[in-house]
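Asker: model the structure of this input:
(2 chains)
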There are 2 protein chains.
Amino acid sequence: MKLGLDVGGTKTDAVAVDADGTIAGRIRIPTGWGADAVITTILDAITALRQEASFEESAIESVGVGIPGLVDAHAGRVLHAVNLGVESLDLVDAARRVIDVPFAVENDVKAAALGAGALRGDARSMAYLNLGTGVAAGIVVDGKLWRGSRGIAGEVGHISVDPNGRVCGCGQRGCVETFCGGGAVARAWGRPGALPILDIFDAAEQGDVEAVALRQGIARGAAAAVRILVLSADVETVVFGGGLTSLGDRLRDDIVAELRQEAETSAFMRSLRLDERIELLPAGSPAAALGAALVGAAHREQGAMING
Amino acid sequence: MKLGLDVGGTKTDAVAVDADGTIAGRIRIPTGWGADAVITTILDAITALRQEASFEESAIESVGVGIPGLVDAHAGRVLHAVNLGVESLDLVDAARRVIDVPFAVENDVKAAALGAGALRGDARSMAYLNLGTGVAAGIVVDGKLWRGSRGIAGEVGHISVDPNGRVCGCGQRGCVETFCGGGAVARAWGRPGALPILDIFDAAEQGDVEAVALRQGIARGAAAAVRILVLSADVETVVFGGGLTSLGDRLRDDIVAELRQEAETSAFMRSLRLDERIELLPAGSPAAALGAALVGAAHREQGAMING
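Answerer: Numbering: from 1, shown residues only, chains lettered A, B, ... in the order given. Here you go, the predicted structure:
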């Protein structure tokens, strides 16, 4: 079994993938806070997966972990995973002290990009654009992650598209993330509620002026990210994932309308047909956990090549 | 000899590269207007190169042509080369009717990107950003052009970075090209003069308010393009070329200052040290013609592999 774990800020989604590439089991458990609790969560998820899909520890071929933070994949280390309360964690070392199987770790968006490509059956040229608390993309070409020279390829959330826009958490002004990042938009909204983005969509439909502007901004930011990804890296398809995609067609229709409206004035943009080249992951998609399993399996194969 | 021709709007720059990769000869002639005249220019340039470097037609191994337009490299066809008065031209077919050697054609910016990589001796991860009449980049990874899925990778000139900016020739508003494209900036300046960008730089130093704003815009647009190329495709280095780089250090200092100022507010941007990762091609660099020669040689090798 190849295991894949997507360790998120609130829950951890985990799958066991069998030799045919089929998901043989899937579990979800709450994620603990802080470095020790994250390791415990990972080990608990593996135990839960074993129970769910009935396999022994000896049947585990590899474990891949996707995690929201700066990842040094080579060292198996995670840095600045602020949503998990982790400043620095030697994740692979710590996990292997308990279960001695091949572990690998990857940034969660990059892992999800691989998984999204596998699920759609075509990963020749695509970006996975995550609209979650923050905004970032993973670029997949010929089935492989495009890392770039320093591992920051796809960091489109921090490209400024409006010099007069709101100040971003990164310190710049008008970043893509200030428009369509769940955290930034919720802060700009500022009203109480467990699901602020959903509240904004609902309030916008009732004509709340502030909500209309924020909702429009979400579509604008997402459309800007699509244009940036296509005009710079020239990906064929942009697949949206992350928390905001739970809005489904309401979000999709907004982004499509925005892409069409912006293309109206430009024959060049019309020729790119961007509105036909976006996809949303369905709610509950296992893309991120599946992608983590692919990361783990690929890491194990590379290790096997190097060691033997 | 491997020949490389950079067919520009006013002049054609051509080099002959010998078996050692050394430039054995270089000539420059005016470019003719319209499809027939462009073919004549290409043939004349080859004749002039033969005289300059003293070699027979039979010594020509390959000819590569870089040209400003939409290029179908496979068909050897050029479309919409508006600065040359060419709407559509089967360049390779037409040229081979006169000289039967392997011809290849490529978009001039993409060819120049390859040449810039060869000249700097490191083409592992770079973008060549052309600030000419228009703005576009060529991305080179591991010594090869990164084409993307539809051949538009690097078209950063038409990414909007200001929703309230000037209308671009492409129909959008606030595109990178409206800030730092020679054509757009000269139109915004609107005053007579053969070298409007030079005039703007000079007038800005004398305190002309309009010139100061346009000059600042050039640096802003160029800096935005650098950030886009690094944060999306994650290239290690951005090499500037094109007509505006004849301004040399005056342009470079402006862009460096802009990158530093924008990084002041953002620890994330500071960590990228973009100001240390830009380079300007020196005046008179043969990068574009040399790159065209590389395109021709690579095309010939591929043909040899396919044909056996």
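Asker: count of neighbours near residue A:101?
Answerer: Residues lying near residue A:101 (other CB atoms under 10 Å in any protein chain shown) number 18. The way it works is simple: take the backbone N, C-alpha and C, and place the C-beta from them, glycine included.
Asker: contacting residues for residue A:116?
Answerer: Residue A:116 makes contact with A:123, A:126, A:128, A:140, A:239, A:241, A:281, A:285, A:287, A:291, according to CB atoms under 8 Å, 6 or more residues apart in numbering or on different chains.
Asker: that one belongs to a helix?
Answerer: Yes - assigned with DSSP: H, G, I helix; E, B strand; the rest coil, residue A:116 falls within a helix.
Asker: returning to what we had before: need the contacts of residue A:116 in CSV (columns: pLDDT).
Answerer: Listed next are the contacts of residue A:116 as CSV, based on pLDDT from 0 to 100:
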residue, pLDDT
A:123, 93
A:126, 98
A:128, 98
A:140, 97
A:239, 98
A:241, 97
A:281, 96
A:285, 95
A:287, 97
A:291, 98
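Asker: so which of those residues wins on neighbours?
Answerer: Scoring those on neighbours with other CB under 10 Å, the highest-scoring entry is residue A:128 at 34 neighbours.
Asker: that one is in contact with residue A:140, isn't it?
Answerer: Yes - assessed by CB atoms under 8 Å, residue A:128 is found in contact with residue A:140 at 7.0 Å.
Asker: who touches both of those two?
Answerer: The contact sets of residue A:128 and residue A:140 overlap at A:113, A:116-117 (CB under 8 Å, 6+ apart).
Asker: tabulate those residues (a markdown table), appending pLDDT.
Answerer: Listed next are the shared contacts of residue A:128 and residue A:140 as a markdown table, based on pLDDT from 0 to 100:
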| residue | pLDDT |
| --- | --- |
| A:113 | 98 |
| A:116 | 97 |
| A:117 | 97 |
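Asker: which residues does the residue nearest to the spatial centre of chain A contact?
Answerer: Among the residues of chain A, the one closest to the centroid is residue A:109, at 3.1 Å (CA atoms, centre = their mean). Residue A:109 is in contact with A:68, A:128, A:130, A:136-138, A:154, counting by CB under 8 Å, 6+ apart.
Asker: could you redo the last one with a cut-off of 7 Å?
Answerer: Residue A:109 makes contact with A:128, A:130, A:136-138, according to CB atoms under 7 Å, 6 or more residues apart in numbering or on different chains.
Asker: hang on, residue A:32 packs against residue A:41?
Answerer: Yes - between residue A:32 and residue A:41 a contact is recorded at 4.7 Å, counting by CB atoms under 7 Å.
Asker: so how many other residues sit close to residue A:87?
Answerer: Using other CB under 10 Å, residue A:87 is surrounded by 13 other residues.
Asker: actually residue A:8, not the one I wrote
Answerer: Count around residue A:8 with other CB under 10 Å applied: 22.
Asker: likewise the one 5 residues further on?
Answerer: Other residues near residue A:13 number 24, with proximity taken as other CB under 10 Å.
Asker: my guess is it meets residue A:28, correct?
Answerer: Yes - proximity of residue A:13 to residue A:28 meets the contact threshold set by CB under 7 Å, at 5.2 Å.
Asker: how about the helices in the stretch 151-300 of chain A?
Answerer: Per DSSP state H, counting those that start in this stretch, the stretch 151-300 of chain A carries helices over the ranges A:176-180, A:182-189, A:196-205, A:209-228, A:249-264, A:267-272, A:287-307.
Asker: JSON lines for these, including distance to chain B?
Answerer: Below are these laid out as JSON lines (distance: least, CB to the nearest CB, whole Å):
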{"stretch": "helix A:176-180", "distance to chain B": "10"}
{"stretch": "helix A:182-189", "distance to chain B": "14"}
{"stretch": "helix A:196-205", "distance to chain B": "19"}
{"stretch": "helix A:209-228", "distance to chain B": "6"}
{"stretch": "helix A:249-264", "distance to chain B": "7"}
{"stretch": "helix A:267-272", "distance to chain B": "4"}
{"stretch": "helix A:287-307", "distance to chain B": "18"}
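Asker: quick one on the thing from earlier: now the two most distant members of the contacts of residue A:109.
Answerer: Farthest-apart pair in the contacts of residue A:109 is A:128 and A:136; separation 9.3 Å (CB to CB).
Asker: how far does stretch A:167-175 sit from the chain's center?
Answerer: Relative to its parent chain, stretch A:167-175 has a centroid offset of 20 Å by CA atoms, centre = their mean, to the nearest Å.
Asker: outside of that stretch, which residues touch it?
Answerer: A:157-166, A:177-178, A:184, B:262, B:265-269.
Asker: how many residues are close by the residue in the stretch 201-308 of chain A that chain B sits nearest to?
Answerer: Closest to chain B within the stretch 201-308 of chain A is residue A:234: 2.2 Å, counting by CB to the nearest CB. By other CB under 10 Å, 22 other residues sit near residue A:234.
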